[in-house]
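Chemist: can't give you the sequence, but here's the structure:
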RNA sequence: GCUGCUGUAGCUCAGUGGUAGAGCACUCCCUUGGUAAGGGAGAGGUCGACAGUUCAAUCCUGUCCAGCAGCACCA
C-alpha cells in the first residue's frame, strides 16, 4: 500500500506497487504528458519504474534542471546507436552527460571526423523520431558479460566485471539497440528532442588512464529547445572572440615563438599591464605586512632532493650543467625551498613570527607539450608567491587575514564571485598520517574561524600538505582556479627550519604557502578574457590617444598628450596625416578606452572632445577638466580608496 | 606525453609536380578631411625544418619541430 507524498505535501495511496506513470496520470493528464522522469526519495529514476513502498515523489518536467541532464545522457545513447548503425564494428564504451552536453567514447581503428557528423546527426534525428521507449532490464551478471563478449564489446564486458557485486546490472533498450547503463532515462527517444549538435571529435584514454588505449570521443551539445541551443552556440562564439591569444595579438600585448616554447615575449603594451598589476600586488602585500625577497633562478640539485621535489618532479624540471664544474643545477620550479633558506639564515626568534615572505618568483617547469595553452599554461611564469612562517596557533589568524586580502584583490580586479575548495591528502605524499591529520584539522579549523565555506576536492592536495583552492568566475560564467592557501608541516622538517621559542628551545615553524593570482601570466590571460581586451582605465596598456583632425592641430595634440603624460597617464598623440574616421576606427579596434579628438576649434579654445570606447557620444571638456577626470579614473582602486 | 587536425607575407587566407597570389597592415605620394576604413603607387615569402621519390617538390612520402582541439598532467 504505497503512500506517495508529493512536493505540495499531499499524499496519494495505491493498492500495490505503482509506476510513476500511473501516479502522474492519477494527478492529471497535463502532468502525465509533461513528466519525463521522477525523483523518488531524492533518487532520480525512470518514470516507468514501480514504487513499492511509501515514498516522497517529485516529477521531473522540462522545466526542471534535471531534465537537461537526462536529455544529454539520452542523446549520448542515441548517438551510440546511430554510430553503431552507420559504422558497424565500432565498440561502445561510456557516454555520460557533461556540462553543456554529452560525449560518447568509441573504439574504432579509424577515428571519426567532423565530416561524419552530418550523417550521424541525421541518423540520430531518425532514432529520435521513432520514439523508441527506453526500457530497463536487469540481467544476471554472467549473462551480461557473455552477451557483450559475444558481440565483441570487450570494453563493456570489462565494465560489468568491475561493477561492485551489490550493484544490479541494468540494461537499457531503445528499440533494437541496447546499452549497459545505470540510468535513469527519459520515456522515449522522442523526449531527447532535436536541439542537439555534434561539436568535435577528440582522443580520450580508456578510463582516463594514459596507459590505456586511446578511444575516439565524440562531443555533442544538447538543450531543451532550439532557442537554448542557439544561445549556447552564440556564447561559444563570444568566448572565441575573447580568446586571450587572439586579443593579445590584435592588441600587440605579447607573442610566442618556437625558440622559447611556452615562454612569453611581452611587448611594451602587454608589459605595461603586467607592471601595473605587479605594482598593485606589491602595494597589497606591503599593506598586509609581507616582506618582499628575491631568490636565485638556478639552484643546486641537492636542495631539490632535500625538499622532495627532485624525486617527484625531476622530469618536469629544467636542468643546467656547466662543463668545467661537476654540478647539476635546476631552474627553480617553485620558490618555497629558497624562502626556507632565507628563513634559515641566522637564528630566528618566535618574536619574528608570523613572518610573511613574498616574492614575485620567476619559475620554470617543463610542462607536457600538450598542456601548453597561450598564457594560461606556460613553461616560464611568475608567481605572486609568499610563504608565511608561523606557529600552529597562528594558522587561523593568518588564514583569516589571507582570505580577506584575497577578496580585496579579486574585488579590485573586478571579480565578485569566488568559491573555495578544500583539497585533502593525495595518494602520493610526504609526511606521516599524524602530520596530515594535524595539518588538515588545522586548515579546517582556520576555515571555520575565517567563516570560509568550502566544498571538498578529495585527494587533490599538494604532496606536502592540504590546500584551499580559490576559484573565481569570469564575465561569461567560466571558472578559474587562481588563489591557493596550503598548510605545510613537511617542508620545514625536511629543510630543517626552526626558530627559538619563548622557552629558548628550538621549534619547527608551520609554513603556509599562498598565492592570490597564481601566476601573472595566467592571470593576465584571464583578465584579457574577462574584459575582452577592454581593460578598465587603470589597467589599459594605452589609456588615451589624442587624435588630431587637421595638421594645424598636430602641435596641440602633442601638447595635450604631453600634459596627460605629466600626470602619469599613458597617452599617445596620433597626429598622422589621416582622416579622423580612420583614426577613430583604428584606436577603437585597438581597444583604447579614451580618444581625445582635437581640431582647430579645440586648439584655439584649449579643449578636447572626449570619446569613450564603445560609445559614439562625445563630450567637450577643457584640458584641465579632462586631466582631472581621467587621472582620477586611472588611479588604481586601492589608491582611490585611500584618497 | 597520447590521439586527431593544421603549418604559404606581420595578420586572415587562396593556390599549383615546372621555385607563388588576394585583402588588411607597412613605406612613399596625393588628399587637411569633425568621430569606426579617402585615393594611388611600392616594398614584403628558403611556401615550418630535414631527408626521400622525381628531369623537376611549396605541392607526393617519411622523420622532426611548432600550433590547435581533447585526453592525461599541473609542486
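Modeler: Nice, thanks for sending it over. Just so we're clear, the structure is a prediction, and the values are computed from it rather than from any experiment.
Chemist: helix/strand/coil for the residue lying closest to residue A:423 once chain neighbours are set aside?
Modeler: Spatial nearest neighbour of residue A:423, chain neighbours left out: residue A:460 (3.7 Å); criterion: C-beta to C-beta, 6 or more residues apart in numbering. All C-beta spots, glycine's among them, are computed from the backbone N, C-alpha and C. Assigned by DSSP: H, G, I helix; E, B strand; the rest coil, the conformation of residue A:460 is coil.
Chemist: Give me the phi and psi angles of residue A:460.
Modeler: phi -110, psi 10 (degrees, to the nearest 10).
Chemist: and what of residue A:18?
Modeler: Per degrees, to the nearest 10, the backbone of residue A:18 is at phi -130, psi 150.
Chemist: ok, and the closest non-adjacent residue to it?
Modeler: residue A:51 (5.7 Å).
Chemist: and the gap between the residue nearest to residue A:423 and RNA strand B?
Modeler: Look at residue A:460 and RNA strand B: by C-beta to the nearest atom of the strand, to the nearest Å, they are 7 Å apart.
Chemist: got a list of what that residue touches?
Modeler: For residue A:460, the contact set (C-beta atoms under 8 Å, 6 or more residues apart in numbering) comprises A:421, A:423, A:424, A:426, A:467, A:469.
Chemist: I'd assumed the last one was in a helix, is it?
Modeler: So the one you mean is residue A:469. No - looking at residue A:469 with three-state DSSP, it is strand, so not inside a helix.
Chemist: That one and residue A:527, how far apart?
Modeler: 19 Å (C-beta to C-beta, to the nearest Å).
Chemist: do the same with the fifth one
Modeler: In this structure, residue A:467 and residue A:527 are 23 Å apart, going by C-beta to C-beta.
Chemist: just the second one next, same as before
Modeler: The spacing between residue A:423 and residue A:527, counted by C-beta to C-beta, is 25 Å.
Chemist: hmm, which helix or strand of chain A has the shakiest average pLDDT?
Modeler: Among the helices and strands of chain A, helix A:637-642 carries the lowest confidence by mean pLDDT, DSSP states H and E, at a mean of 87.
Chemist: Buried residues, that helix. List them.
Modeler: For helix A:637-642, burial by neighbour count (16 or more other C-beta atoms under 10 Å) applies to residue A:638.
Chemist: What lies in contact with it?
Modeler: Applying C-beta under 8 Å, 6+ apart, the external contacts of helix A:637-642 come out as A:280, A:283, A:284, A:287, A:408, A:412, A:538, A:632.
Chemist: wouldn't the fifth one be in contact with residue A:284 here?
Modeler: Going back to what we said before, that points to residue A:408. Yes - in terms of C-beta atoms under 8 Å, residue A:408 counts as a neighbour of residue A:284; the distance is 6.9 Å.
Chemist: how many other residues sit next to residue A:66?
Modeler: 17 (other C-beta atoms under 10 Å).
Chemist: which ones are touching it?
Modeler: Residues in contact with residue A:66, defined by C-beta under 8 Å, 6+ apart, are A:37, A:39, A:44, A:60.
Chemist: so where does it fall, helix or strand?
Modeler: helix A:65-86 (DSSP states H and E).
Chemist: how far out from the middle of the chain is that helix?
Modeler: Distance, stretch centre to chain centre, for helix A:65-86: 26 Å (C-alpha atoms, centre = their mean, to the nearest Å).
Chemist: which residues are contacting the helix or strand just after it?
Modeler: The helix or strand immediately downstream of helix A:65-86 is strand A:91-92, counting by DSSP H and E. The contact list for strand A:91-92 (C-beta under 8 Å, 6+ apart) reads A:80, A:83-84, A:104, A:106-108, A:152-156, A:179.
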